[in-house]
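> sharing a model prediction with you, sequence too.
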Amino acid sequence: MPTVIDHPSKIIFHRLQKFSDQHWGKHFQSPEETKINFFDNPKLIIKAKIDGKLVGLVNIFIRTITFKGIKLVLGGIGGVVTHQEFRRCGVATATLRRAVIEMEKQGVDISLLCTDTDKLGSFYQKVGYQILGRPYYYFNKFGQEKPDTGGMIKAITQKVNVTEIINSSDKLSVGNSDF
Ligand SMILES: CC(C)(COP(=O)(O)OP(=O)(O)OC[C@H]1O[C@@H](n2cnc3c(N)ncnc32)[C@H](O)[C@@H]1OP(=O)(O)O)[C@@H](O)C(=O)NCCC(=O)NCCS
């Protein structure tokens, strides 16, 4: 059963980042671009262990956004990674399911993640995420607004209708830092 780290310190976050760097594979952005676009610290980290060995991580970034004049608590999911030797055993599915439970506890309304939907869309669909199908926007470290594609979205509470967000032409802005 995955466990939760609430409010991880920067030291813990950076220590876990080493696991992520080791097991992620090739990033599509350079390390410089990554620093500029992904600079938020997660509110929660979901950690999976097998026989005491770290095998999987998921980061949860929580922020309040406004969409169509309505305030929503957003749970951004990032850093989903499984140890290379423990893949296809359900680790990421288990950590994501735990992430959903934690987001419910935190009063999150909608969850958003970004991925290569051609490759991993069906994986995230199994945990209930739907393809956004249009860009969402975030501010980078310099305060510049940037679009990102590959968004997938899931309702956590009944406050939002995800289909409405998908079909809307209103800009979906997620605040400072991508996930
Ligand atoms: C993507 C990743 C997190 C999946 O982790 P995992 O623990 O192997 O996932 P699960 O075992 O829970 O997979 C469940 C299902 O997802 C699908 N799936 C998992 N990895 C997949 C992949 N690389 N490509 C396509 N489908 C995949 C499969 O349908 C799998 O079902 P199966 O057991 O019937 O094959 C892992 O491959 C990884 O760490 N990749 C590198 C980092 C990365 O790309 N993270 C995602 C960023 S958005």
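Received it, and whenever you're ready, just let me know what you need. Numbers count the residues shown, from 1 in each chain.
> for the rest of this, base every contact and every neighbour count on C-alpha atoms.
Will do.
> what strand or helix carries Lys154?
Under DSSP states H and E, the secondary-structure element containing Lys154 is strand 151-155.
> by contact count, what packs against that strand?
Secondary structure elements in contact with strand 151-155, counted by 3 or more C-alpha pairs under 8 Å, 6 or more residues apart in numbering; DSSP states H and E, are strand 110-114, strand 130-131, helix 162-167.
> turn those into TSV, columns for distance to Ser30, mean pLDDT and mean neighbour count.
Conversion of those to TSV gives the following (distance: least, C-alpha to C-alpha, whole Å; pLDDT from 0 to 100; neighbours: other C-alpha atoms under 10 Å):
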stretch	distance to Ser30	mean pLDDT	mean neighbour count
strand 110-114	17	98	23
strand 130-131	25	98	22
helix 162-167	30	94	14
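> quick revisit: can you confirm whether the strand holding Lys154 lies near the ligand?
No - counting by C-alpha under 6 Å from any ligand atom, no contacts exist between strand 151-155 and the ligand, the nearest distance being 9.7 Å.
> tell me the pLDDT of the residue of the chain most remote from its centre.
If you look at how far each residue of the chain sits from its centre, by C-alpha atoms, centre = their mean, the farthest one is Asp51, at 25.9 Å. What the model reports for Asp51 is a pLDDT of 94.
> check the one 10 residues further on too.
At Phe61, the model reports a pLDDT of 97.
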